[in-house]
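**Q** Fold the following.
(one chain, ligands or ions: 1)
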Amino acid sequence: MTRKPIMAGNWKMNLNHVEATGMVQKLAWTLADKEYDGSKSECVVVPPFTDLRTVQTLIDGERMPFILGAQNVSEHDSGAHTGEISADMLAKLQVTYVVVGHSERRQFHGETDELINTKAKKVIAAGMTPIICVGEGLDIRKEGTHVEYTLNQVRGTLAGLTAEQVAGLVIAYEPVWAIGTGEVATPADAQEVCGAIRAEVAALYDQPTADAVRIQYGGSVKSGNVAQIMAQPDVDGALVGGASLQPEEFAAIVRFYDLPA
Ligand SMILES: O=C(CO)COP(=O)(O)O
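**A** This is a model prediction of the structure:
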């Protein structure tokens, strides 16, 4: 089973719409220089909501080999929910992927597995693909219960989804202690949990579903460590924060297959 690598740059709350234009143009030029055409990996850019239209227009107009993602979505469909953005609104902007349950949303905005599960269902119903984030904090890692903790999040966030739906989505394993800290999980750490997630999907559904679902690692991924992480059998991509704001760095990450492992 070949799973296409998915390299996603989560800009978080960085770059206004003018800066976003410069960012995707530089990324496109750098990748064009290396004759990148998206055949060996998907390059997903995940800007803030206010940049989506600008980035989508550039991707379309300039035929850039990028796929558009969003960082969050409302659990509601429409109506009196001031400040919320619905899945249908994102789909209309040609958003393909929507990150749900990022640890920063869990930690600072009180998102639970149940809410993230509802959001994932809204994303799927609108014809898009959720990137469901899971991962443990430092306290759990120190206790040594990180695998069970993360699998519990997997069970909670996938609840009620069909095998077909799960086969098409993306799960991002992001250990919170490795996010924005420069502290990278070792390739073996990433493999331990990503492998356990795939085994859990096989147990919850079946082996073809587990073979199809794509699992990303996230947490201080850079051009200097991405090749080793991607060499792990159950790691199918990276969810990149800080390094995705540097076009040359992110271009190298997207082309991880040309880096020495
Ligand atoms: O949270 C992340 C991506 O969603 C990871 O962020 P960093 O790559 O900055 O550690």
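
**Q** Find the closest residue to the ligand in the stretch 101-250 of the chain.
**A** Nearest residue of the stretch 101-250 of the chain to the ligand, counting by C-beta to the nearest ligand atom: Gly241, 2.3 Å away. Where you see a C-beta, it was placed from the backbone N, CA and C, and this is true even at glycine.

**Q** tell me the phi and psi of that residue?
**A** phi -100, psi -100 (degrees, to the nearest 10).

**Q** isn't it right up against Ala178?
**A** No - the criterion here is C-beta atoms under 8 Å, and Gly241 misses it with Ala178 at 10.3 Å.

**Q** Between those two, which contacts overlap?
**A** By the contact definition C-beta atoms under 8 Å, 6 or more residues apart in numbering, Gly241 and Ala178 are jointly contacted by Gly218.

**Q** For the strand or helix carrying Glu192, list every residue counted as buried.
**A** Assigned by DSSP states H and E, Glu192 belongs to helix 187-204. Buried residues in helix 187-204, counted by 16 or more other C-beta atoms under 10 Å: 187, 189-198, 200-201, 204.

**Q** mind putting these in JSON lines, distance to Gly168 and pLDDT included?
**A** As requested, the buried residues of helix 187-204 are exported to JSON lines (distance: C-beta to C-beta, whole Å; pLDDT from 0 to 100):
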{"residue": "Pro187", "distance to Gly168": "26", "pLDDT": "95"}
{"residue": "Asp189", "distance to Gly168": "27", "pLDDT": "96"}
{"residue": "Ala190", "distance to Gly168": "22", "pLDDT": "97"}
{"residue": "Gln191", "distance to Gly168": "23", "pLDDT": "98"}
{"residue": "Glu192", "distance to Gly168": "25", "pLDDT": "98"}
{"residue": "Val193", "distance to Gly168": "21", "pLDDT": "98"}
{"residue": "Cys194", "distance to Gly168": "18", "pLDDT": "98"}
{"residue": "Gly195", "distance to Gly168": "20", "pLDDT": "98"}
{"residue": "Ala196", "distance to Gly168": "21", "pLDDT": "98"}
{"residue": "Ile197", "distance to Gly168": "16", "pLDDT": "98"}
{"residue": "Arg198", "distance to Gly168": "15", "pLDDT": "98"}
{"residue": "Glu200", "distance to Gly168": "17", "pLDDT": "98"}
{"residue": "Val201", "distance to Gly168": "12", "pLDDT": "98"}
{"residue": "Leu204", "distance to Gly168": "15", "pLDDT": "98"}
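
**Q** ok, which pair from those is furthest apart?
**A** Using C-beta to C-beta, the two most remote members of these are Pro187 and Leu204, lying 25.6 Å apart.

**Q** Point out the residues in the stretch 151-261 of the chain that sit beside the ligand.
**A** Applying C-beta under 6 Å from any ligand atom, we find that the stretch 151-261 of the chain lies next to the ligand at 174, 179-180, 218-221, 239-243.

**Q** any idea which of those has the most stuff around it?
**A** Across these, neighbour numbers were computed from other C-beta atoms under 10 Å; Val221 holds the maximum, 31 neighbours.

**Q** unless I'm mixing things up, Ala199 is touching Ala210, no?
**A** Yes - counting by C-beta under 8 Å, Ala199 does reach Ala210; the two are 7.1 Å apart.

**Q** Pretty sure Leu68 sits in a helix.
**A** No - counting by DSSP: H, G, I helix; E, B strand; the rest coil, Leu68 is not part of a helix but strand.

**Q** so how far is Tyr36 from it?
**A** Applying C-beta to C-beta, to the nearest Å, the value for Leu68 to Tyr36 is 17 Å.
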